[in-house]
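Novice: Would you be able to build a 3D model of this:
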Amino acid sequence: MYLTMFLSSVGFSIVIMSVWPYLQKIDPTADASFLGWIIASYSIGQMVASPLFGLWSNYRPRREPLVVSTAISVAANCLYAYVHAPHSHNKYYMLTARALVGFGAGNVAVVRSYIAGATSLTERTSAMANTSACQAVGFILGPVFQTCFTLIGEEGVTWKLVNLQLNMYTAPVLFGALLGVINIILIFAIFREHRVDDVGRQCKSVNFEGEESGVLEQDAEGNVDHAAVVALNFLFFVILFVFAVFETIATPLTMDMYSWTRKEAVFYNGIILSVVGIESVIVFMVVKTLSKRTGERAILHGGLLIVLVGFFILLPWGKKLPNIQWQEIKNNSIPRTTSTEMFMPFWSLEAMQLPSNHTVEPVGCPVTQSWCLNTPMIYLAQYISSDILIGLGYPVCNVMSYTLYSKILGPKPQGVYMGWLTASGSGARILGPVFVSQIYTHLGPRWAFSLICGVVVVSLLVLEIVYKRLIAFSVRYGRMQEENC
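Specialist: Sure, this is the predicted structure:
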């Protein structure tokens, strides 16, 4: 189960930093707005698949949806490696490939429901933290793999027999497909069904046959607090929404603000996100101990506050404008500005002469984004500080949301419920990239990050309203006591 979570996150993060430059390379008609749809397509697939796989796992052996979903991801990664091949509409092939990868990632609901059913109430936080840590490690190693594959270069090598281009954009997805095949083999080899109640007593399970022992699920009697379920779905939506905004905007933002080339943006952001991922793993390990002292609800509250501060810091505060990328009639643009040119007003750059055969990759904030002319740049120190804070707050909110949600549901089969929670997160990953690509492209970072801060404030208010209702199912019905629940 941990390996499946790891591979699912690797499948997403291994290309996240290179999607934009690869999209520009294979289809020049694609713009930043379409990038949002490319990123969101992964989550559309996951949102559709999660409840289906969750329902499937409630009535059949979990091995079935796990194998099918992983096979879909493998095939989709292979399709992504060939999006360069068609002569037109390449961006739509990429859109389809990412949507199918997301559909395969709907197995996250199966994994979470299995862990919720295989652990007692006291073990739940630790198990969920371990699962999230494996997921975070996947997010760490994904950009690391991508960074390593940049050494192959944009051209790479071509295997003409099968029309396969092996370069810095296709090598990561082929590697992801290989990991998926390994995962399928391990599911058949070592996966076993297991289920216990909130106390830790073994229960009968519909997921495998031949089980003659186990207690009846008398503790499953009672109604789930649906107000708490809906509230946590909303909070999880917000958490995934703001993080989707954060990872989607990283490449375009740094290319606009710091005049990084496509290759530099992929390389440097890969390093930054890798460091943030390591930070997240450490946080996952710490919250397992901290939750026993303060409780999951208080930690969730603190995590949301940290995320709020992270996005507040990211707002443009200074007076210095970003370097402007001027597009002329001949499709020439101003190359990277020197240290002395950075102090020139942007209108004086228009008078600079460019050679008619200028072929340097355009860098800087495109003049087609009108906000570039009047919005202060976000300093690199701001960007890195924000990365650190969001990297601290997001994993806290993520694992606490899953833990509280599984405890509220109690001993009832959680496949469908986990499917809906995963679908909520997927919906956030759909709207987040689309939202930020539209708002950022047309209004700039000030509006984009201000609205995000507002969304986080609303989530904090919702948490305050339902705070006392976020307790475990067994605790709610007085069947057991849990400190700091």
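Novice: need the strands for the stretch 101-250 of the chain, in chain order.
Specialist: If you assign secondary structure with DSSP state E, counting those that start in this stretch, the strands in the stretch 101-250 of the chain sit at 157-159, 164-166.
Novice: Counting by contacts, list what the last one packs against.
Specialist: Under the contact criterion of 3 or more C-beta pairs under 8 Å, 6 or more residues apart in numbering; DSSP states H and E, the helices and strands touching strand 164-166 comprise strand 157-159. For the C-beta atoms, the positions are set from N, CA and C on the backbone; glycine is no exception.
Novice: can you rerun that using 10 Å?
Specialist: Applying 3 or more C-beta pairs under 10 Å, 6 or more residues apart in numbering; DSSP states H and E, we find strand 164-166 packed against strand 157-159, helix 171-190.
Novice: now the first one
Specialist: With contacts defined as 3+ C-beta pairs under 10 Å, 6+ apart, the secondary structure elements packing on strand 157-159 are strand 164-166.
Novice: and residue 366, backbone torsions?
Specialist: Main-chain dihedrals, residue 366, degrees, to the nearest 10: phi -60, psi 140.
Novice: Give me whichever of the helices and strands packed on strand 164-166 is most buried.
Specialist: The highest average neighbour count among those, using mean count of other C-beta atoms under 10 Å, belongs to helix 171-190 at a mean of 17.
Novice: how distant is stretch 377-385 from the center of its chain?
Specialist: Put simply, stretch 377-385 sits 21 Å off its chain's centre (C-alpha atoms, centre = their mean, to the nearest Å).
Novice: Check which residues of it are buried.
Specialist: For stretch 377-385, the neighbour count (16 or more other C-beta atoms under 10 Å) marks 377-378, 382-383 as buried.
Novice: Looking at those residues, which one is closest to residue 191?
Specialist: Residue 191 lies nearest to residue 383 out of the buried residues of stretch 377-385, by C-beta to C-beta, at 41.6 Å.
Novice: Do I have it right that the closest one meets residue 260?
Specialist: No: counting by C-beta atoms under 10 Å, residue 383 does not reach residue 260; the two are 11.5 Å apart.
Novice: quick one on the thing from earlier: how about CSV for the helices and strands packed on strand 164-166, with distance to residue 325 and mean pLDDT added?
Specialist: Listed next are those as CSV, based on distance: least, C-beta to C-beta, whole Å; pLDDT from 0 to 100:
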stretch, distance to residue 325, mean pLDDT
strand 157-159, 31, 81
helix 171-190, 28, 87
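Novice: Which stretches in the stretch 151-300 of the chain count as helices?
Specialist: 171-190, 226-258, 262-294, 296-313 (DSSP state H, counting those that start in this stretch).
Novice: which parts of the shortest one are buried?
Specialist: Under the neighbour-count criterion of 16+ other C-beta under 10 Å, helix 296-313 has 296-297, 299-304, 306-311, 313 buried.
Novice: Can you spell out which helices and strands pack onto it?
Specialist: Judged by 3+ C-beta pairs under 10 Å, 6+ apart, helix 296-313 is in contact with helix 121-149, helix 226-258, helix 262-294, helix 380-409, helix 445-466.
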